[in-house]
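>>> Sequence first, then the predicted structure, then my questions.
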Amino acid sequence: MPRIRIEPLGSIIEANQHESVMEAAERHGLFWPVGCARNGECTNCAMEVLSGLSRMTGMGRYERSNLIRQRGPRATDDARLRLACQARVLGDVVVYKRGVDPL
Ligand code: FES
C-alpha cells in the first residue's frame, strides 16, 4: 500500500493504489485546500512533489492546461508541481502543501 508523507504537517498516510493524494488525505481526516469540485479546474490543491514523482500517474492534458491557465505559461516547467486531486499514487511519495491540516 503506497504511503504519502505530507509536509510541512509531517503526516504519513496510507493510500490505495491509484487513489489521488487528495482522496487519501481526506479519507484520513485531513483538510486539503480546494476551490472546485476536485476536478482539476481551480489548481488550489497544487502541491510540490518532493520525492516519488515517478511513483505517481503522469500529468494529463487537462491538468497541464489548467495549471497554465491559472498560474501562467511557466507553471509546468517544474514537473514537481502537481494537482493533488489529479495525481494518483502508485508507490511511496513525499509532497509539500501548506494549509493541509487535521479537520
Ligand atoms: S481541487 Fe480544484 S484543481 Fe484540485
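The structure has been received and is ready for your questions. Residues are numbered from 1 along each chain as shown.
>>> Please, where are all the helices along this protein?
21-27, 61-71 (DSSP state H).
>>> burial count for the closest residue to residue 15 other than its chain neighbours?
Counting by CB to CB, 6 or more residues apart in numbering, residue 15 lies nearest to residue 24, which is 3.7 Å off, once chain neighbours are set aside. The way it works is simple: take the backbone N, C-alpha and C, and place the C-beta from them, glycine included. The tally of other residues near residue 24 (other CB atoms under 10 Å) stands at 22.
>>> How about the contacts made by residue 96?
Residue 96 makes contact with 6, 7, 8, 47, 48, 49, 50, according to CB atoms under 8 Å, 6 or more residues apart in numbering.
>>> Quick check: residues of this protein near the ligand?
Applying CB under 6 Å from any ligand atom, one finds that the chain approaches the ligand through 34, 35, 36, 38, 40, 41, 42, 43, 44, 45, 83, 85.
>>> residue nearest the centroid of the chain?
residue 84 (2.1 Å; CA atoms, centre = their mean).
>>> I figured it hits residue 99, correct?
No - counting by CB atoms under 8 Å, residue 84 does not reach residue 99; the two are 11.0 Å apart.
>>> intersection of neighbour lists for the two?
By CB under 8 Å, 6+ apart, the residues touching both residue 84 and residue 99 are residue 32.
>>> now the residue of the chain most remote from its centre: how far from residue 65?
The C-alpha centroid of the chain is most remote from residue 73, which lies 19.7 Å away (CA atoms, centre = their mean). Counting by CB to CB, to the nearest Å, the separation of residue 73 from residue 65 is 11 Å.
>>> Check residue 5 too.
Counting by CB to CB - residue 5 and residue 65 are separated by 29 Å.
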